[in-house]
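Trainee: below is the sequence, then the predicted model.
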Amino acid sequence: MLDIIKAKDRHLTDFGWLQTYWLFSFSNYFDPHNIQFGALRVFNDDVVQSGNGFPTHSHEEMEIITIVLTGEMTHEDSMGNKTVIKAGDVQRMSAGTGLTHSEFNLAENPVHFYQIWIFPDESDLKPTYDQKTFSPAQWKNRLFPVASGQSIPDTVTFYTDATIYRCDLDEGQSVVFDATTGRRIFIYLTNGEISVDGQKMEPKDQARIDTEKPLSIRASTNADF
């Protein structure tokens, strides 16, 4: 099964200081047919304006991954971490038994980032934190793992049998993902155009895939996903 959901079908909420697309049910957006995809519970495409952010709030029993595309976000949490997450950075919080944190854009320009929530494979974990900086050259014309619970070296670690990849394909280039039996695949296209097993995707489209065969992804234009 390969289901492509068009960009226009995402749920948009515009708070003025925050423009956010919720790809799954979140906050006051509820669709009983769009709660999660496998262990993937939340994928929010957020832009926060300068001088704004999320005041201190709590989480528990969730792996929370933040990927910054442009700009920067200042993070502070109850574990004692105070960091700045910049473009190219990937941050992970394992909320476990519970934590609190805040995130503010203290820079002059808007910050664009993805927030991803994944259910952990274990409950009652101790809250922990991880963050790494990557270079766009690392995911040029290849699938590059940035966060994983599959013991892949030099990634941001989390506690689910899953991996998050980034990829920036030049026009005409392709990659193949060799899916294992029963594994679910989620693709979100940041920009450009790609074909996934021959099916076209345009900017901000998403694909939800169940397959046991190698998956072919080809760029029709320069594309980042």
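Mentor: That came through, no problem. Numbering: from 1, shown residues only.
Trainee: mind listing what the residue lying farthest from the centre of the chain touches?
Mentor: Here the centre of the chain is the reference, and by CA atoms, centre = their mean the most remote residue is residue 172, at 24.9 Å. Each residue near residue 172 by CB atoms under 8 Å, 6 or more residues apart in numbering is listed here: 218-219. No exception for glycine: its C-beta is placed from N, CA and C like everyone else's.
Trainee: what does it show for phi and psi?
Mentor: Taking degrees, to the nearest 10, you get phi 90, psi -10 for the backbone angles of residue 172.
Trainee: residue 11: how many residues sit nearby?
Mentor: For residue 11, the neighbour count with other CB atoms under 10 Å is 18.
Trainee: my guess is it meets residue 27, correct?
Mentor: No - the criterion here is CB atoms under 8 Å, and residue 11 misses it with residue 27 at 9.6 Å.
Trainee: circling back to that earlier point, check what pLDDT the residue farthest from the centre of the chain gets.
Mentor: On pLDDT, residue 172 comes in at 97.
Trainee: look up how far residue 94 lies from residue 57.
Mentor: 16 Å (CB to CB, to the nearest Å).
Trainee: the more surrounded of those two?
Mentor: Legend: neighbour count by other CB under 10 Å for residue 57 and residue 94, higher for residue 94 (24 against 10).
Trainee: contact partners for that one?
Mentor: 63-64, 120, 125-129, 158-159.
Trainee: once you drop chain neighbours, what's closest to it?
Mentor: Nearest non-adjacent residue to residue 94, counting by CB to CB, 6 or more residues apart in numbering: residue 128, 4.7 Å away.
Trainee: any idea of the pLDDT on that neighbour?
Mentor: We have a pLDDT of 97 for residue 128.
Trainee: contacts only, for it.
Mentor: Residue 128 sits next to 79, 93-94, 96 when contact means CB under 8 Å, 6+ apart.
Trainee: for it, give me phi and psi.
Mentor: Phi and psi for residue 128, reported as degrees, to the nearest 10, are phi -140, psi 170.
Trainee: hmm, back to that, could you turn the buried ones of the contacts of residue 94 into a PyMOL selection?
Mentor: Filtering these down to the buried ones (16 or more other CB atoms under 10 Å) takes a single PyMOL command:
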select buried, resi 63+64+120+125+127+128+129+158+159
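Trainee: perfect, I'm done here.
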